[in-house]
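Engineer: Need the 3D shape of this:
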Amino acid sequence: MYVFLLLSLKYPQPSIINGRRDIVSVTPWLAPVVWEGTFDSNLMDAIYKPQNITIAATVFAVGKYIRFLRDYLETAEQHFFIGYRVHHYVFTDQPDQVPNVNMAKDRK
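Structural biologist: The predicted model follows:
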């Protein structure tokens, strides 16, 4: 089965049966779980960038795990949905330990 978009993009319908078996790449409701190499990034950008979406990521940095927060935020800034608005929601029991990481425009 193929899906046609108004943008004249033609691509195969995602499947929870076919594809990589070592990772989950599509939810049961056919929403893509994007891993490097599982989807065409040009196709994904063509679909979602015109929609001007905002991506939200929830992070729990509780107790000793606060030590990983800086690396997570810096790495996400370099690799996670570049070119999109991204909001990171950090839940922690140590708000004074949340690092100040510089983020690009429309990312916080």
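Engineer: Give me the buried stretch members for the helix ranked longest in the chain, please.
Structural biologist: What stands out as the longest helix in the chain, according to DSSP state H, is helix 69-79. Of all the residues in helix 69-79, those buried under the rule 16 or more other Cβ atoms under 10 Å are 69, 72-73, 76-77. All C-beta atoms are positioned from the backbone trio N, CA, C, and that covers glycine.
Engineer: any idea which of those is closest to residue 28?
Structural biologist: residue 76 (26.3 Å; Cβ to Cβ).
Engineer: For residue 46, see how far away that closest one is.
Structural biologist: Distance, residue 76 to residue 46, by Cβ to Cβ, to the nearest Å: 23 Å.
Engineer: what does residue 85 give?
Structural biologist: Distance from residue 85 to residue 46, by Cβ to Cβ: 17 Å.
Engineer: What of residue 81?
Structural biologist: According to Cβ to Cβ, residue 81 stands 15 Å off from residue 46.
Engineer: what's the answer for residue 87, then?
Structural biologist: Distance from residue 87 to residue 46, by Cβ to Cβ: 23 Å.
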